[in-house]
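> Here is my input, please return the structure:
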Amino acid sequence: MLQNIPTHLIAGPLGAGKTSVLRSLLAQRPAQERWAVLINEFGQVGLDAALLSRDEPGLQIAEVAGGCLCCVNGVPFQVGLGRLLRRIEPHRLFIEPSGLGHPLQLLEQLRQTPWRGVLAVQPMVMVLDAQALARGEALPEVHTCALSEAGLLVINKSATVGDSQRLLITSKLPEIERLWTNHGEIVFHNLPFAESIHPVENSAFDRPVDTDANMGVLWKDIHSPILQAAEGEGGWSIGWRWHPSLQFSSARIRAMLEREPWKRAKGVIHSEAGWTSCNGLAPDPVAWQTSHWRKDTRLELIFDQPQEAERLTQAFSACLLA
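Just a heads-up that it's a prediction; the model follows:
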């Protein structure tokens, strides 16, 4: 019987570094424990799961793509979480909602049936962008309202933020335990934990039926991408998935990204240099690093306004190597 699984919600605005925090925590998983991660993404192609990919037993990563988890009573969330718990029966669960999501509504749902007693929800971790706060950018309202439920503020990207700027930032934040970090590096034992976890009878838990028929991708033409675009609350996203055998020019990909007015860019690219991941939040440049992902090339861009999907697809296709 699944009962009292410690559950950590890692929330925060778009591009603050939630995935980096998760990557740091997953690297500290005890070998004897099974951990599960459920990720919600604004776009459709599932980039965060690819960016967190680790080829090791005892770790299961799942995603609920498209939109935000403000509709947490919906079938995709219920099925996604139920399937993940059933698949691995984890000792610990992490949930990362989209930066455009509503963490308070998610917390409320996780504390209700059918998850009451199944999940032991811990104080929320809120990840903030120190550089954005130093520039005077306002924290989105949904995250400002959620600060009251936070047990820890991880103020990320803080290397270039001076002492005077830090004082100004903290003067505008509530008195909550905080950590100043870079690249989301956090020690697991710094997470906020509830003082105690009381067993709750869980006989009412009905695991959702797994109705997802899209268990894999059938490539009808390996030279054509799978394209998914959607508009939702907070922006418009477009994403592509390309067959893993195809290679792209890293120079052309970088040039394409520099030309487009995206506000968020994430990807895993198979190039002549190998497999690399990219991650960027405007106006900062895109950061690149090696990736463990090998299943396909993925790129997702989020814009404030809808764009010409065909033009963007042609621009991406022009980056292919012959």
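
> For P244, see how far away R294 is.
Between R294 and P244 the distance, using Cβ to Cβ, to the nearest Å, works out to 6 Å. For every residue, glycine as well, the C-beta is placed using N, CA and C.

> so what's in contact with the two at the same time?
Residues touching both R294 and P244 by Cβ atoms under 8 Å, 6 or more residues apart in numbering: H270.

> got a list of what P174 touches?
Contacts for P174 (Cβ under 8 Å, 6+ apart) come out as 147-148.

> ok, 7 Å please
L147 (Cβ atoms under 7 Å, 6 or more residues apart in numbering).

> Any chance of the backbone angles for the closest residue in space to V142 that isn't next to it in sequence?
Here the nearest residue to V142 in space, its sequence neighbours aside, is H102; by Cβ to Cβ, 6 or more residues apart in numbering that works out to 5.1 Å. For H102, the backbone dihedrals (degrees, to the nearest 10) come out as phi -120, psi 90.

> shouldn't H102 be in contact with P140?
No: with contacts defined as Cβ atoms under 7 Å, H102 does not count as touching P140, sitting 10.0 Å away.

> These two: which is more packed in?
Per other Cβ atoms under 10 Å, whichever of H102 and P140 has more neighbours is H102, with 22 against 15.

> Quick check: the residue nearest to V142 vs A134, distance?
The spacing between H102 and A134, counted by Cβ to Cβ, is 26 Å.

> Tell me the spacing between Q32 and S24.
For Q32, the distance to S24 - Cβ to Cβ - is 20 Å.

> Show me which of the two is the more surrounded one.
For Q32 and S24, the more surrounded residue by other Cβ under 10 Å is S24, and the numbers stand at 18 against 7.

> Let me see the ranges of the strands in the chain.
In the chain, the strands defined using DSSP state E lie at 5-11, 35-41, 59-65, 92-96, 119-121, 124-129, 150-156, 178-180, 226-232, 235-242, 264-271, 274-281, 287-290, 297-303.
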